[in-house]
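K.L.:
give me the fold of what follows.
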Amino acid sequence: MMDAEKRPAPDCRIRIGTSGYSYAEWVDAGFYPPQMKAGRMLAFYAGCFSVTELNYTWYQMPKAAAIERMQQQAPADFLFTAKLTRYLTHEVEPDQWRRHAAQYREGMAPLIQSGRLAAVLIQFPPSFVRNPCNRRYLAELLDALHGLPAAVEFRHASWAAERVYRELEQRSITLVSLDMPEINGLFPSLDIITNPDFFYIRFHGRNKKGWRSGNMQQQFDYDYTAAELRRWSEERLPAMAARTRRGFVFFNNHVRARAPANALQLMQQLEQKGIGSHAFGTGHYSSQHRRFCRGGGACDGPSAQWSSGHHRSPDIGTGDGIRYE
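P.N.:
Numbering: from 1, shown residues only. This is a model prediction of the structure:
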């Protein structure tokens, strides 16, 4: 794996967001204004965060026309990551998967061509164990996706092996770091860097009881404490940032809008530590975000008092060789 002592620390740019943004329950929770329609959510979300992880691309094959319309709703400096279609990770057909890989690439073309596709998230299920058949498939899949910025998320612990990390490093593929319940058989929480271009972290919550309930509302119902996030903001994130050029952090605990609340909390902790500075929504959006934080979000420090017209910027404050967007 990458050795931080063999190269100078880069000026790492970190973007923090949520896994998906179109949740009706986030209206009830106060993140979105009352009665906000799904079609307006991305523009509002982009007033607060500079990146999002697209989940719908797992459920349905992306279409270029829809992707183009979507990216036009966000600022030009806003980035996207996208889950790989389930037909290449969970429901693979041996005689069809190459065609599905080509279809996925074609559907994502607008984001690829605009340079706004930050990563393709290849999330495998816990049933995808490390054996000769699956190792061969993974190698062939990565070959088929060559040229795309890829990040692999394993759920089964059998993939936690030095040989796997070395292979990913040789291919410049990012190993996704996870924060989720410590359950026997699940992939462990690691901060291993296999790609100097970017790291990728996903916060799934630590609801051990709900994780294997089969109910997503229970599985991802979790609110991180300040202390749990501080372990990342003070130790793990700075260490990972010292070895990469960019970083992407996503919260997947979407239930009760804890994902945006915890994302804002982590952003605030990084700012207070001196690792960059954050600026939230634009214009009238900022007042809604302020109310969300005060009404049960996570912005409870001096940084919660941001002003209208305070825009996100790719060149805002730096610290410790890290630039935070």
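K.L.:
ok, which stretches of the stretch 201-325 of the chain are strands?
P.N.:
In chain order, the stretch 201-325 of the chain shows strands spanning 246-251, 318-319, 322-324, with DSSP state E, counting those that start in this stretch as the criterion.
K.L.:
worst mean pLDDT among those?
P.N.:
Of all these, the minimum mean pLDDT falls on strand 318-319 (a mean of 33).
K.L.:
how far away from the center of its chain is the helix or strand containing Glu169?
P.N.:
With elements taken from DSSP states H and E, the one containing Glu169 is helix 162-171. Offset of helix 162-171 from its chain centre (CA atoms, centre = their mean, to the nearest Å): 21 Å.
K.L.:
swap in stretch 134-145?
P.N.:
In this view, stretch 134-145 has its centroid 22 Å away from the chain centroid, taken as CA atoms, centre = their mean.
K.L.:
go on, stretch 172-182?
P.N.:
The gap between where stretch 172-182 is centred and where its chain is centred comes out at 11 Å by CA atoms, centre = their mean.
K.L.:
so which bits of it are buried?
P.N.:
The neighbour-count check on stretch 172-182 (16 or more other CB atoms under 10 Å) flags 173-181 as buried. (C-beta placed from N, C-alpha, C; glycine too.)
K.L.:
distance to Arg243, pLDDT and secondary structure for these - can I get that in JSON lines?
P.N.:
Rendered in JSON lines, the data for these read as follows (distance: CB to CB, whole Å; pLDDT from 0 to 100; DSSP: H, G, I helix; E, B strand; the rest coil):
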{"residue": "Ile173", "distance to Arg243": "15", "pLDDT": "98", "secondary structure": "coil"}
{"residue": "Thr174", "distance to Arg243": "12", "pLDDT": "98", "secondary structure": "strand"}
{"residue": "Leu175", "distance to Arg243": "12", "pLDDT": "98", "secondary structure": "strand"}
{"residue": "Val176", "distance to Arg243": "15", "pLDDT": "98", "secondary structure": "coil"}
{"residue": "Ser177", "distance to Arg243": "12", "pLDDT": "98", "secondary structure": "strand"}
{"residue": "Leu178", "distance to Arg243": "18", "pLDDT": "97", "secondary structure": "strand"}
{"residue": "Asp179", "distance to Arg243": "19", "pLDDT": "96", "secondary structure": "strand"}
{"residue": "Met180", "distance to Arg243": "22", "pLDDT": "93", "secondary structure": "coil"}
{"residue": "Pro181", "distance to Arg243": "27", "pLDDT": "93", "secondary structure": "coil"}
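K.L.:
show me where the stretch 1-150 of the chain has strands.
P.N.:
Counting by DSSP E, counting those that start in this stretch, the strands of the stretch 1-150 of the chain are 12-18, 51-54, 79-83, 117-123, 150-153.
K.L.:
deepest-packed of these, please.
P.N.:
strand 12-18 (a mean of 25; mean count of other CB atoms under 10 Å).
K.L.:
what packs against that one?
P.N.:
Taking 3 or more CB pairs under 8 Å, 6 or more residues apart in numbering; DSSP states H and E as contact, the helices and strands that strand 12-18 lies on are strand 51-54, helix 237-241, strand 246-251, helix 258-273, strand 322-324.
K.L.:
tell me the mean pLDDT over it?
P.N.:
Across strand 12-18, pLDDT averages out at 94.
K.L.:
contacts for it?
P.N.:
45, 49-53, 79, 118, 237, 241-242, 244-252, 254, 259-260, 263, 266-267, 270, 275-276, 314, 321-325 (CB atoms under 8 Å, 6 or more residues apart in numbering).
K.L.:
for Leu111, give me its contacts.
P.N.:
If a contact means CB under 8 Å, 6+ apart, then Leu111 has 67, 71, 80, 82, 117 as its contacts.
K.L.:
burial measure for the spatially closest residue to Tyr224 that is not a sequence neighbour, as a count.
P.N.:
If you skip the residues right next to it in sequence, Tyr224 has Asn262 as its closest partner in space, 4.6 Å away by CB to CB, 6 or more residues apart in numbering. Around Asn262 sit 25 other residues, with neighbours defined as other CB atoms under 10 Å.
K.L.:
and the gap between Asn262 and Pro196?
P.N.:
Using CB to CB, to the nearest Å, one obtains 27 Å as the distance from Asn262 to Pro196.
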